[in-house]
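# got a sequence here, can you build the structure:
(2 chains)
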2 protein chains.
Amino acid sequence: MKNYIKVDEWKIVEEGFDSHHHQVSESIFSLGNGRMGQRANFEEAYSGESLLGNYVAGVYYPDKTRVGWWKNGYPEYFAKVLNAANWTIIDVVLDDEQLDLAKCTVSNFRRELNMKEGYLKRNFTAKTASGKEVEVEAIRFCSMVDDETAAIKYTITPLNFSGNITITPAIDGDVMNKDSNYDEKFWDEVSKANDADCGYVVMRTKKTGFEVATGMKFVIEQDGKVIHPQTESILKEKYVATKNNLQVQQGQSISVTKYVANLSSQNHKPEDLVKQLDATLNHISVKGFDTMLAEQAAAWAEKWKHNDIIIEGDASAQQAIRFNIFQLNQTYTGEDDRLNIGPKGFTGEKYGGSTYWDTEAYCVPFYLSTAPQKVTRNLLLYRYKQLGKAIENAASLGFKNGAALYPMVTMDGTECHNEWEITFEEIHRNGAIAYAIFNYVRYTADEAYLADYGLEVLIAIARFWSQRVSWSQDKQQYVMLGVTGPNEYENNVNNNWYTSMLAVWCMKYTMEVAGKVKAADSTKYNALAAKINLDEAAEFSRFGHIVGNMYLGHDEKQGIFLQQDGYLDKEQILVKDLPATDRPLNQKWSWDRILRSCYIKQADVLQGIYFFEDDFDIDTIRRNFDYYEPRTVHESSLSPCVHAILAAKLGDEARAYEFYLRTARLDLDDYNNDTEDGCHITSMAGTWMAVVEGFGGMRVRDGKLLFQPFIPEKWASFSFHIGFRGALLNIKVSKDGVQLKNLSDVGATVSVYGKDQLVKANDELLVEA
Amino acid sequence: MKNYIKVDEWKIVEEGFDSHHHQVSESIFSLGNGRMGQRANFEEAYSGESLLGNYVAGVYYPDKTRVGWWKNGYPEYFAKVLNAANWTIIDVVLDDEQLDLAKCTVSNFRRELNMKEGYLKRNFTAKTASGKEVEVEAIRFCSMVDDETAAIKYTITPLNFSGNITITPAIDGDVMNKDSNYDEKFWDEVSKANDADCGYVVMRTKKTGFEVATGMKFVIEQDGKVIHPQTESILKEKYVATKNNLQVQQGQSISVTKYVANLSSQNHKPEDLVKQLDATLNHISVKGFDTMLAEQAAAWAEKWKHNDIIIEGDASAQQAIRFNIFQLNQTYTGEDDRLNIGPKGFTGEKYGGSTYWDTEAYCVPFYLSTAPQKVTRNLLLYRYKQLGKAIENAASLGFKNGAALYPMVTMDGTECHNEWEITFEEIHRNGAIAYAIFNYVRYTADEAYLADYGLEVLIAIARFWSQRVSWSQDKQQYVMLGVTGPNEYENNVNNNWYTSMLAVWCMKYTMEVAGKVKAADSTKYNALAAKINLDEAAEFSRFGHIVGNMYLGHDEKQGIFLQQDGYLDKEQILVKDLPATDRPLNQKWSWDRILRSCYIKQADVLQGIYFFEDDFDIDTIRRNFDYYEPRTVHESSLSPCVHAILAAKLGDEARAYEFYLRTARLDLDDYNNDTEDGCHITSMAGTWMAVVEGFGGMRVRDGKLLFQPFIPEKWASFSFHIGFRGALLNIKVSKDGVQLKNLSDVGATVSVYGKDQLVKANDELLVEA
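Coordinates of the predicted model:
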């Protein structure tokens, strides 16, 4: 665990340069605006270890699958988000020496991610091998206002010499993905050009044919005045740069403002890219760096108004929760229903930047409460648009009649993952996608969504479940064989309770929604039924028979649901009794040993209880929690939040807080020694859930928000913003009680500790402790 | 299915050239002598599709493992047998035209594998594009007598022209494996040289550092007289050749006799290789081609004396069974305990030429009966010598105290395979290795082997099983979780009956052998116990407790053993009721669908019943056979033989014959459309078992051979040779009865149809039908 990040309530701060932290910092200090993003690579050259990363949302490449042993059904390709043109480069040469922090003595190094205003700032003093000293300040951001643009202001001051400085802003498209399966490069050059103060490269992805134009325009100032130094053009494959030769006096500052635009053929006609790029660069350069930065601050202020969480009495927790919210907002803005939330966002290339069930199970609750309704709606539409491919995917596995199996990992709807035990068997993802529809409608009351889109998805998913179960002659019940639950430390098990539970719920919910839609608008319903060849009588009767006759394992003696068949045959040694040297299991034990052990990677039965808590009495929840949690190793960053929420529900405040701590600063403290690959973006939503649904006890029931808050002992107070059906509420929990502020013009009735409270528009009230 | 091979009782014959058959023929017409081998690639150039293959037994390369997703415990390397220097090359140019059958009109093409005498002969007439016609005869063999050598006699006659012919014998070491994971070449050149009538290349494998010297010496004759044409030396990387320029008259024959030697640093000091190569080449060239060929015929005659099977009334069956026996003998001679039997022998590179459980389960019975005792003993010693690595392998998976898990696939004892469900979980291989020891001792009565080697292996294996089971609190019995049985269409199942059964048997047998060894020679026993830190009291008491308390699933209602937990939950549609278009399942169904189906790839419960048939009454065998066989798809070539043997035992002669037919001509008729990759060498032993143990009903019980033969309806008679404890018997089964011939000086008592018969030395008797 590296905890070198300074605590500050609104900033992430690194002081002093240590190359060993650099790749972790490149992840943590990442920037993004939902449309593009990048790791915190240095502007000037850096010959030390670094993971280059510049990404354009939705631009992917289907890398040929790599396997040891092919299994029938494996997808041919793994779509991955591409490392795109590097636009940060501002190369600096002092006389004959290249500025390179790996070769300099560095002092006064400070990196600061200003989360309040949304920019990255870096300062340092560097002394070269020959003894030349310079002071540098670099500020950059990806604009939230003009989301295809970014800007950098790079200021350099020679401290102990006068001489020649060359400054070379560049765009370098000759990049590759570190995780390329066959060391291939994924981009071809289409065109490029440059001029004294600008340049661009247009590249096209192989196979997918996306074109991305990345351009720059720069202004050089000396002592605050724009100058036009002698320049030299550099053109190489996929690379443009302009070298500026300057004579600089000791103590005299030179600054380069580099305006950048990144335009993709997803949003522009390929033939218009260069023209549009030019217009965009003109637009922002006329606006100017300072105006852009001010607009950026205003845009972030608006975001924070809707989603800030304030924790008093614990600056470290304050910093952490803001970091999580900040990164989630950098990753996904909900402007475009073709985009989704990669597990690493724009902070790394691991997991291919693709969509996982994390989106529905963890991110949807966050965006529902903190962003406009359309943001979550777009996440749902993303899956709706990919329904055809989910049906194809199921068909390729032998399913029929419009049954859909959504992919485990995807960019455009096609399955990308290729471990059979996950790709083919971790089918509970299909349930999470249905659950997200339910969750969205429960939260927003947007019933129209069901008729227009939701029901079609639900029926396709229910069809899948109805074919995926089989009748056991032996049990005289339906069984679900060969699955992998959320607990990926079990593979190919029979009757995973969570998966079977979800399957039954999906079929029930589908029939319920069908009934509602039919009642509300039978024409629309009939049109849908015709479109998808629904044989309502036969299909719903099968759904109903399965719902009524599904085998769901439970153990009478212990009063628990059975994670899967045979679970009780395992040797039951609790996690606390394992030698510390055996942990984490996934690094210390061979895979088979993990599989036959009783240890649970992440919430499985408990994930089901979290989803459907109203279906169980508190004693049932407690028995299952007390049985399964001590067997859970939480080796997924998605695990602790669900446990925090359930512990809170069970009144175990201390443990709820303990679980919260396990992910709150996961990346800031590099808890799992893997932040260098990128930040755990989707699990950040889990941390938010632990605070709001755990400590805040927030639920939605019967169209109303409920709160059952408590305050962690270490904290003086915490407050969070919740948008709900037009109202914007701030809920502050302190030792005094729960203060409810309504920051909107829409009144709201909420339940606090089981009692209804009307919070009028633009009013507030206190529910005393 | 390609059935273009002509039926002949002693020969494999292909008439007429069809390039579409060529790669299949390259496999079928392969040559080998246990020490080296090769596919039937052409001597002259061939630009059509071909799989080049020259192999040197035991010379392997650890190719870096390729996986999609790494799991803890995966081996870093996959050792594979290497494609070695190609020594067949005799390039022919007619004036300016290269002789290349892909570019000629070919007539009178005939390829003949003479199994009786052990050589490959090829004849053809070729007309080039310009109209030149030549007649060619090529004979070659890998010497069984001088097993590091081979010879080729290549005769060419211009039919319609006189002119210049250049003949270029070459050694080409610049080869690669088709299955190289990262397209790497595995050999470096050490040295090379050539002269007017000879040449060699010495190459060293990367990483493993094996050196192999491949050399040639050639003699050119014109009209039967040795000539010394003008030559030209060609040296390229890893390549030597000598070009011979000849003026030839129409009708005049030119022949090249190419003597070849292949010496490896496994058997010679690296610094002596070139000198030894020279000596070896001199030795055989002095001996001469005709003498070598005569010795080859004699060596094969001696082999056939011990292992021929004669089938009267069915030439196709006759050809097939001889082909199987021939290939098994080409693959493994038992001279060297560092070698083993790759599933493709020297006929292809698939499966890496490595050792699988096929050796113990299928090949041991064949070599026990048809080869000197030391052959099987060497197969056992191979595993004994690798015990240390098997213990390391188990340790890497978390096992302790000298427990051994033999690898699934190996060359030198280290595990090579990397599918977790097989590598880590298909642990029944450990049982087959113990069973082979039992089988060997039962057959040979070589009890000394147990004290010297066997017991040490058995204890290490028993230790593994005793740690691999776990106590189920729920069942109050020991269980075996997370395994894959021989039926690889189930993965990660609990309580696979076959595996658990084997485990119990191993522990029981180990204690029994320990008792015997202790009683016979307590000093030796105590020395072993000390060497391996055996705590007899504690360890054997645990073995005993497991033996007495192991859970072995069975279904009362149907009176069958349960293949694994949950098997009866599966949808039970019999194989015969599956649409033909769904077969073979492994090509038509996705992996998960196969896994959750009831379909069985190959004998699983029935493999256990085959191994331990004396433990079960005939009704139990019948019930299990009748239950499991109809659910078996036999998608492994190792499956039908076990079923043939059990069907024969159950008196179902028709079905026994039907199962036999499924593998008898597997490669000759390219039944599975995959013979181009190489022949199914290990399954050929299974075909032998189907004849001898199935139709012949041969068993060993209480130190005696038992026969319970029947004759397939189509056949007039069949007879087979069996070596047993010094006696050599020929058993001929016909409609008249069973004729027993003793071809040795050692008398033998055998049981036929349950009645003892004494067959005196060099005598015979008839047991009438």
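# who touches the helix or strand of chain A with the lowest mean pLDDT?
Lowest on mean pLDDT, DSSP states H and E among the helices and strands of chain A sits strand A:77-81, with a mean of 87. Contacts to strand A:77-81, defined as Cβ atoms under 8 Å, 6 or more residues apart in numbering or on different chains, come from residues A:55, A:57, A:59-65, A:177, A:179, A:181, A:342, A:349, A:352-354, A:409-412, A:414, A:416-418. Where C-beta positions appear, they are placed from N, C-alpha and C, glycine not excepted.
# which helix runs longest in chain A?
In terms of residue count, the longest helix belonging to chain A (DSSP state H) is helix A:497-520.
# residue of the stretch 301-450 of chain A nearest chain B, please.
A:Phe424 (3.5 Å; Cβ to the nearest Cβ).
# look up how far A:Arg468 lies from that residue.
11 Å (Cβ to Cβ, to the nearest Å).
# also A:Ile12?
Applying Cβ to Cβ, the value for A:Ile12 to A:Arg468 is 45 Å.
# same check on A:Thr280?
Between A:Thr280 and A:Arg468 the computed distance is 48 Å (Cβ to Cβ).
# same deal with A:Ala685?
28 Å.
# rewinding a little: export the longest helix of chain A as PDB, just CAs?
C-alpha atoms of helix A:497-520 as PDB (Å, rounded to 0.1, in the frame of the first residue of the first chain):
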ATOM      1  CA  TRP A 497     -29.000 -19.600  -5.600                       C
ATOM      2  CA  TYR A 498     -28.400 -16.000  -6.700                       C
ATOM      3  CA  THR A 499     -28.600 -16.800 -10.400                       C
ATOM      4  CA  SER A 500     -31.700 -19.000 -10.000                       C
ATOM      5  CA  MET A 501     -33.300 -16.400  -7.800                       C
ATOM      6  CA  LEU A 502     -32.700 -13.700 -10.400                       C
ATOM      7  CA  ALA A 503     -34.000 -15.900 -13.100                       C
ATOM      8  CA  VAL A 504     -37.300 -16.500 -11.300                       C
ATOM      9  CA  TRP A 505     -37.600 -12.800 -10.500                       C
ATOM     10  CA  CYS A 506     -36.900 -11.800 -14.100                       C
ATOM     11  CA  MET A 507     -39.700 -14.100 -15.400                       C
ATOM     12  CA  LYS A 508     -42.100 -12.800 -12.700                       C
ATOM     13  CA  TYR A 509     -41.200  -9.200 -13.400                       C
ATOM     14  CA  THR A 510     -41.500  -9.600 -17.100                       C
ATOM     15  CA  MET A 511     -45.000 -10.900 -16.800                       C
ATOM     16  CA  GLU A 512     -45.900  -8.100 -14.400                       C
ATOM     17  CA  VAL A 513     -44.500  -5.400 -16.700                       C
ATOM     18  CA  ALA A 514     -46.200  -7.100 -19.700                       C
ATOM     19  CA  GLY A 515     -49.500  -6.900 -17.900                       C
ATOM     20  CA  LYS A 516     -49.000  -3.200 -17.000                       C
ATOM     21  CA  VAL A 517     -48.000  -2.300 -20.500                       C
ATOM     22  CA  LYS A 518     -50.900  -4.200 -22.000                       C
ATOM     23  CA  ALA A 519     -53.300  -2.500 -19.700                       C
ATOM     24  CA  ALA A 520     -51.900   0.900 -20.400                       C
END
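# any of the contacts of strand A:77-81 buried? List them.
A:55, A:57, A:59-63, A:65, A:177, A:181, A:342, A:349, A:352-354, A:409-412, A:414, A:416-418 (16 or more other Cβ atoms under 10 Å in any protein chain shown).
# restricted to strands, list those residues.
Under the assignment DSSP state E, these contribute A:55, A:60-63 to strands.
# circling back: who has more neighbours, A:Ala685 and A:Arg468?
When neighbours are counted by other Cβ atoms under 10 Å in any protein chain shown, A:Ala685 and A:Arg468 differ, and A:Ala685 comes out ahead with 29 against 23.
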